[in-house]
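*Asks:* Need the 3D shape of this:
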Amino acid sequence: MARLIHQWSHLPEELLSIITKLAGNREEDTLRIRSVCSSWRSFIAPPPMCKKLLFPLMLPLLNPRHAPDVYGYLKLTSMTIYRLDLPSCKESQHRRNWCLIRLQQTDSGNFQVFNPFGGRVELSPSFPQLNSNVINSLAFYKSQITNSYHLSMERGPLGNAILDSADNNAYKFIKVIVSSKPVTFAGQDYLVIALTSKGVLYHMKLGDDRWSTLDHYYELLNFVACDILEYNGHFFLACKERITVIMNYSLQVLQVIPFLNRGHGESSCYLNLVESKGALFLVQKHWYKYMETIDKSLEIEVYIFMHGLNEWKASKHLGDNVLFLCHDCCFSISAEDFPALKGNCVYFMHDSSWEFANDAICKGLKDFTIYVYDLEDGSIGPLLSHPGNSSILWSIPSSDAN
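*Replies:* Modelled structure (predicted):
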């Protein structure tokens, strides 16, 4: 009996619609699906075309009096967090076929490989060489998780004079974001927002010759920013004053929403915003001084943003989602897609190590303490103490492993 062969071009439109939804907004997956055949290409719309940003980008210094040819400039670079899969390696109880990595392109065009928190990973002998902007697609399937951005100072002849002065603190950036789309009708101007360790926001449109601040809002609201995130067409700003500021693409304040602060005593409060499957979460961490153990020195609260009510509500349920609070970006993944991880958990670093972690990305250090907060039972402990999780951030699976 002859074998019946079905052609992809004959697939019902109902199934094509399902495939399109699974691809989501990922440009790479959309292009792959459209390349299957002409009927698929005509059915599935191409990804939106925006001006492609080529990194690194050279931006002016914060102080307009610091001429670039004398003092230097700020270099804007991009890092990407990927999931890499080994197609030929089957997932089992004792073996992973996936890993999470952060790739940073060097000035020479090669790549440096880190885990999502910025520490070095151990490359197996079978890991393909990363250079020339290429990941060996025959050895790995690559899917993008998120991007992070960094501003570093490239010094001119008098650049050290800035770092030796009070301006030094102004150039310690804890968060940099680039708008997901151009913010002008011309479709060319992306917005860059930089948050310093002092809680001051600087912003500029690419192509401008100087940075601006939100001085009038600081005077009005008197807030110190801790984190910023682009979400649902707006910018959300989490502040130490127990408020969330919502701004549009013109950086006009639309709303100020308070949230609970359960901290007490002598503690340091840190805030992180993270999007998870369309929902917005706020993670509030209180570090208490002079405590000997992690479970006594840290208190964590998770809140979910209620759109209809425009308020924050305490939450103990993330479903199977896992939140990663990295030093420069936050993201969410599903434990169903990453079997070695446990859902309803938050992975994070000690906040006092964040400034150190920025240096570690450049120096390749790996000695960070990463903690896991389990919302189900409220427990907090180091990643290394979780069975089956000790190596997920420090090693990449080998295709020739037994």
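*Asks:* Helix or strand with the lowest mean pLDDT in this structure?
*Replies:* helix 354-363 (a mean of 40; mean pLDDT, DSSP states H and E).
*Asks:* which parts of the next helix or strand after it are buried?
*Replies:* For helix 354-363, the following helix or strand on the C-terminal side (DSSP states H and E) is strand 370-374. For strand 370-374, a neighbour-count test (16 or more other C-beta atoms under 10 Å) marks 370, 371, 372, 373 as buried. Bear in mind the C-beta positions are built from the backbone N, C-alpha and C, glycine included.
*Asks:* Walk me through which strands the helix or strand following strand 370-374 pairs with, and which way each runs.
*Replies:* Moving toward the C-terminus from strand 370-374, the first helix or strand encountered (DSSP H and E) is strand 380-382. Note on strand 380-382: by DSSP bridges, its sheet partners are strand 370-374 (antiparallel).
*Asks:* contacts for the partner strand?
*Replies:* 117, 294, 298, 300, 342, 344-350, 379-383, 386, 389, 393 (C-beta atoms under 8 Å, 6 or more residues apart in numbering).
*Asks:* Keep only those of the residues you listed that are in strands.
*Replies:* The strands, defined by DSSP state E, take in 298, 300, 345, 346, 347, 348, 349, 380, 381, 382 from the contacts of strand 370-374.
*Asks:* nearest to residue 257, of these?
*Replies:* Ranked by distance to residue 257 (C-beta to C-beta), these are led by residue 300 at 20.2 Å.
*Asks:* so that closest one makes contact with residue 347?
*Replies:* No. Counting by C-beta atoms under 8 Å, residue 347 is not a contact partner of residue 300; they are 11.9 Å apart.
*Asks:* So which of these two has more stuff around it?
*Replies:* residue 347 (23 against 17; other C-beta atoms under 10 Å).
*Asks:* Bridge partners for that one, pull those for me.
*Replies:* residue 324, residue 372.
*Asks:* got a list of what it touches?
*Replies:* 322, 323, 324, 325, 370, 371, 372, 383.
*Asks:* My guess is the second one contacts residue 329. True?
*Replies:* No. With contacts counted by C-beta under 8 Å, residue 323 stays clear of residue 329, the gap being 11.7 Å.
*Asks:* got the contact list for the nearest residue to residue 335 once chain neighbours are set aside?
*Replies:* Nearest in space to residue 335, with sequence neighbours left out and distances taken as C-beta to C-beta, 6 or more residues apart in numbering, is residue 343 at 3.6 Å. Each residue near residue 343 by C-beta under 8 Å, 6+ apart is listed here: 318, 319, 320, 321, 322, 334, 335, 336.
*Asks:* Redo these as TSV? Include neighbour count, pLDDT and distance to residue 61.
*Replies:* Supplementary listing: these in TSV, determined by neighbours: other C-beta atoms under 10 Å; pLDDT from 0 to 100; distance: C-beta to C-beta, whole Å:
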residue	neighbour count	pLDDT	distance to residue 61
318	22	94	41
319	13	91	44
320	16	92	45
321	21	94	39
322	22	95	38
334	14	92	41
335	17	90	43
336	11	88	46
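*Asks:* Which ones among those map onto strands?
*Replies:* Using DSSP E, the contacts of residue 343 in strands are 321, 322, 334.
*Asks:* State the distance from the last one to residue 321.
*Replies:* Counting by C-beta to C-beta, to the nearest Å, the gap from residue 334 to residue 321 is 6 Å.
*Asks:* can you give me the helices in this structure?
*Replies:* 13-23, 27-34, 38-43, 68-71, 159-163, 215-221, 294-297, 354-363 (DSSP state H).
*Asks:* returning to that earlier point: list residues touching both of residue 334 and residue 321?
*Replies:* With C-beta under 8 Å, 6+ apart as the test, residue 334 and residue 321 both reach 277, 343.
*Asks:* which ones are touching residue 229?
*Replies:* With C-beta under 8 Å, 6+ apart, residue 229 has these contacts: 177, 235, 236, 273, 274, 275, 280, 330.
*Asks:* Likewise for residue 338?
*Replies:* By C-beta under 8 Å, 6+ apart, the residues touching residue 338 are 83, 98, 100, 322.
*Asks:* could you dump those to CSV with distance to residue 155?
*Replies:* What follows is the contacts of residue 338, written out as CSV (distance: C-beta to C-beta, whole Å):
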residue, distance to residue 155
83, 36
98, 40
100, 33
322, 39
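*Asks:* Done for today, thanks.
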